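Participant: The amino acid sequence is not available; the structure is as follows:
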């Protein structure tokens, strides 16, 4: 969590969460590899949404599967 204080003395607490398959993860508590995976996916999805029908964006280097980066998803059965 980031705590910001203005010159007037107002204090604001800032915390970032990401939702992956219905689970919320605090960005301050995930590993650097998980942060890299999440930020790459957010950028790729945002670019693909912004340029839908015109261009297709992919990561420069292939990302590992979600199950490798977030092992808790590997144990879940697929339906």
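Facilitator: That came through fine. Quick caveat: nothing in here was measured; it's all calculated off a predicted structure.

Participant: Would you mind listing the buried residues in the lowest-mean-pLDDT helix or strand in the chain?
Facilitator: Across the helices and strands of the chain, mean confidence by mean pLDDT, DSSP states H and E is lowest for strand 2-5: a mean of 88. In terms of neighbour count (16 or more other C-beta atoms under 10 Å), strand 2-5 has no buried residues at all. All C-beta spots, glycine's among them, are computed from the backbone N, C-alpha and C.

Participant: That strand: what's the following helix or strand?
Facilitator: strand 11-14 (DSSP states H and E).

Participant: Check the offset of whichever helix in the chain runs longest from the chain's centre.
Facilitator: The residue-count maximum for a helix in the chain (DSSP state H) belongs to helix 32-50. Helix 32-50 has its C-alpha centroid displaced from the chain centroid by 6 Å (C-alpha atoms, centre = their mean, to the nearest Å).

Participant: And the contacts of it?
Facilitator: Applying C-beta atoms under 8 Å, 6 or more residues apart in numbering, the contact partners of helix 32-50 are 18, 20, 25, 27, 30, 55-59, 63-64, 66, 69-70.
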